[in-house]
Structures are given as C-alpha cells and as structure tokens.
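# Let's see this in three dimensions:
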Amino acid sequence: KLPTMKMLLSLIVLLSAALLASAAPPTCYSRVLSLSKEITESFKELQTSKDVDSCVETLPRLYLDIHNYCVLAKLRDFVAYPRCDTVLEVNELKEKARSLYTILISYCRRDLVFLTDDCNALEIPIEHSITES
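Purely as a prediction, here's the structure:
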C-alpha cells in the first residue's frame, strides 16, 4: 500500500508542476509575437473576404515582423490610414495594431531586440520572405 501511495503522490506532484508551468504569465515578447501573428492573420482574412467594403483593397499592407525595426512605422501608418473608417473589421484591426504599437514602445521597449530595419521586407507576406531566405 505504501509504494502505491508514493506513486500516487509523485503523480500528483508531477501534474501540479506541469499545470503551474503552463499557467505562467506570458512574457512581453510572447505577447507581442502572438498579437502580431493575430493581426497579420486578421489582415489576410480581411483582404480575402468577399463581404468587406472595396476600400479594404487600398489599405496599407500589414505583414508584421516584430524583429524588424520598421514594424513601428508600419503600425503607425496603418493606424493613421484615413480611409475605411466605416468598416467595423478595419476599425477592430486598427485597435489591435494600436495596442501592439503601444506595447512595443511602452511596455516591451527594453525587452525587444530588432534584428533588422529592412522596411521592404514588410511589404510581402511573411511566408514568402521565409521561403526565399
């Protein structure tokens, strides 16, 4: 009976440790990375949607790479874009972009390292830039 209790206790401790590890708060980097991916995906969906206003075609491209210093200017330009203000999906995307910009310049300013400042790289989808490298 004692070995069974020890094994059961060990299993409980192991599962508790696994739960605590997965419950750790996100780092600034992981938050920025996930939000940039979410924004890029939302932009792709918006571009391919049939139900959205034609002004969406004129939006600045929004392919984000948080390791590229130009991402700050890209986010500023997108948020400041004056057209499509009546399209709910665009306004929601602008809010996410504004949040990402704020996180980048305020909360994560000292935690991030920009590996490049190639603004042209942000004009093409990330999948293409990865496969060309």
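# so where's this protein uncertain?
Along the chain, segments meeting pLDDT under 70 span 1-2, 16-26, 125-133.
# so the residue lying closest to Gln47 once chain neighbours are set aside, which of the three states?
With sequence-adjacent residues excluded and distances taken as CB to CB, 6 or more residues apart in numbering, Gln47 is closest to Val56, at 6.7 Å. C-beta coordinates here come from the backbone N, C-alpha and C atoms, glycine included. Assigned with DSSP: H, G, I helix; E, B strand; the rest coil, Val56 falls in the helix class.
# correct me, but Val56 touches Glu45?
No - counting by CB atoms under 8 Å, Glu45 is not a contact partner of Val56; they are 10.7 Å apart.
# Give me the more crowded residue out of the two.
Legend: neighbour count by other CB atoms under 10 Å for Val56 and Glu45, higher for Val56 (18 against 12).
# Run through the residues that contact the more buried one.
Applying CB atoms under 8 Å, 6 or more residues apart in numbering to Val56 gives the contacts Leu46, Gln47, Ser49, Cys84, Val87, Glu89, Val90.
# For the residue nearest to the spatial centre of the chain, pull up the helix or strand it's in.
Centroid-nearest residue in the chain: Ser36, 1.9 Å away (criterion: CA atoms, centre = their mean). Under the criterion of DSSP states H and E, Ser36 resides in helix 28-48.
# List the buried residues in that helix.
Neighbour-count burial for helix 28-48 flags Arg31, Val32, Leu33, Leu35, Ser36, Ile39, Thr40, Ser42, Phe43, Leu46 (criterion: 16 or more other CB atoms under 10 Å).
# And the second one, how close does it get to Ile124?
If you measure Val32 against Ile124 using CB to CB, to the nearest Å, the figure is 21 Å.
# and what of the third one?
In this view, Leu33 and Ile124 are 19 Å apart by CB to CB.
# what does the last one give?
Plainly put, Leu46 is 17 Å away from Ile124 if you go by CB to CB.
# try the fifth one
According to CB to CB, Ser36 stands 16 Å off from Ile124.
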